[in-house]
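Asks: sequence first, then the predicted structure, then my questions.
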Amino acid sequence: MRKKMVSVVLVLAMAVCMMSGCGTKEEPATPVETKEPAAEAETGDSGQEAAEGELPGAGKTIAFVPKQLGNPYFVAVRDAVEEAAVANGFEFKCNAPDSSIEVDKQISICEAFIAEGVDVLIVIPNDATAIVDVINSASEKGIAVLLVDSGADESNYISYIGTDNYAGGGVAAEWFKENVSGKVAIIDGAAGNAATTARYKGFVDGLEGFYGIEILTSDYGNGDMGTSMTVAENFLTTYPDLAAIFCCDDQMAQGAGQAVAATDRDVIVCGFDGSPEGAQAILNGVMDATIAQTPRIMGTTAVEYAIKYLNGEEVDQIIYTDCQVVSADNASDYLEWH
């Protein structure tokens with residue numbers, strides 16, 4: 001059962017981070033890895049049947065399919081989903097494409113999990129439109145589909161848990177109004193990426209009519225540091241009076257920051273994610289700001305809502321998590337994921 005929408009700041013309540021799963025930021029996507037569930041709760045002194053202490057996910061499987069695992073942000077979501085799933089008795093499975101532009105590969109991975117008959121499929125879609133048939137197919141087979149971080153076009157998913165990315169773009173625009181004057185370029189994610197597209201639009205709309213800033217151009221960085229470094233180098237060459245670059249995630253912002261650092265130019269770089277690497281880049285002077293998300297809270301909440309749905313409870317279809325500006329003043333507070 002679903003309700004329409006809720007906007008909340010969620011509280012993280014998970015145990016120590018587990019770095020097992022299906023990859024790290026240094027590794028490409030690997031074959032599916034399975035994590036066994038935690039042992040069932042013991043019965044108390046009252047002599048009640050073991051079934052009464054059974055964990056909510058006992059005998060069920062959660063599969064997680066992120067955009068990729070080369071970006072530490074998606075690793076943080078993966079770790080949180082895994083921890084919450086195993087702690088609640090689910091078997092946990094994960095697989096991912098090698099990059100955020102591998103739409104067909106992500107669809108194939110999802111289809112394989114559907115064919116296995118998993119109970120819950122948690123996805124961070126690479127393409128909001130292409131994933132629709134997968135979502136509807138899973139739903140027809142009784143599989144609960146939840147989306148994290150990036151949404152999808154109209155389809156039969158249970159809940160979306162993540163940042164209001166359009167509003168987050170607006171938060172970035174407000175920071176630019178206070179800290180930037182002049183000409184600005186934008187590095188977007190991959191085409192079809194609902195999250196970065198919404199951030200882009202929120203940023204542009206937030207600056208509409210603001211006389212102090214002119215948006216000159218934009219290009220795709222595909223969520224990749226090296227690609228974004230090249231894009232930023234092109235911006236710097238083409239626009240000698242460029243004042244700032246807004247990047248729709250921190251991987252791309254780090255690439256842009258490295259391009260700026262290789263020059264004697266004073267160009268402001270702002271990212272989006274609030275990654276520990278982004279926070280460190282701010283402290284090192286490679287970036288100036290980022291808009292922090294809460295990937296661990298997203299992952300934990302996705303499992304919580306899956307459990308509620310499987311138990312027949314009414315759940316909200318949209319759950320927005322918080323985002324905050326991170327700058328040199330508070331970057332030291334973001335050296336770990338929230």
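Replies: Ah, there it is.
Asks: helix or strand for Y320, which one?
Replies: Element membership of Y320 [criterion: DSSP states H and E] is strand 318-321.
Asks: by contact count, what packs against that strand?
Replies: In terms of contacts (3 or more CB pairs under 8 Å, 6 or more residues apart in numbering; DSSP states H and E), strand 318-321 is packed against strand 6-7, strand 159-163, helix 295-310. Any C-beta I mention is one placed from the backbone N, CA and C, and that applies to glycine too.
Asks: what's the angle from the longest one to strand 159-163?
Replies: In this case it means helix 295-310. Regarding helix 295-310 and strand 159-163, their directions subtend 170 degrees when assessed with axes from the mean of the first three to the mean of the last three CA atoms, to 10 degrees.
Asks: average model confidence for helix 295-310?
Replies: For helix 295-310, mean pLDDT rounds to 98.
Asks: how far out from the middle of the chain is that helix?
Replies: Using CA atoms, centre = their mean, to the nearest Å, the distance from the centre of helix 295-310 to the centre of the chain it belongs to is 14 Å.
Asks: other SSEs contacting it?
Replies: Right, helix 295-310 is packed against helix 72-87, strand 120-123, strand 144-148, strand 159-163, strand 315-316, strand 318-321 by 3+ CB pairs under 8 Å, 6+ apart.
Asks: just to revisit the earlier point, a markdown table please, covering the helices and strands packed on strand 318-321 and showing mean neighbour count and distance to E91.
Replies: Listed next are the helices and strands packed on strand 318-321 as a markdown table, based on neighbours: other CB atoms under 10 Å; distance: least, CB to CB, whole Å:
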| stretch | mean neighbour count | distance to E91 |
| --- | --- | --- |
| strand 6-7 | 12 | 29 |
| strand 159-163 | 26 | 21 |
| helix 295-310 | 24 | 13 |
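Asks: nearest to F246, of those?
Replies: F246 sits nearest to strand 159-163 of all the helices and strands packed on strand 318-321, at 15.7 Å, using CB to CB.
Asks: and that closest one, which strands flank it?
Replies: In the sheet containing strand 159-163, its partner strands are strand 144-148 (parallel), strand 318-321 (parallel), by DSSP bridges.
Asks: dump that strand to PDB, restricted to CA.
Replies: Below are the C-alpha coordinates for strand 159-163, written out as PDB (Å, rounded to 0.1, in the frame of the first residue of the first chain):
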ATOM      1  CA  SER A 159       8.800   4.100  -3.000                       C
ATOM      2  CA  TYR A 160      11.500   6.500  -4.000                       C
ATOM      3  CA  ILE A 161      14.000   7.400  -1.300                       C
ATOM      4  CA  GLY A 162      16.400  10.200  -2.000                       C
ATOM      5  CA  THR A 163      17.200  13.900  -2.200                       C
END
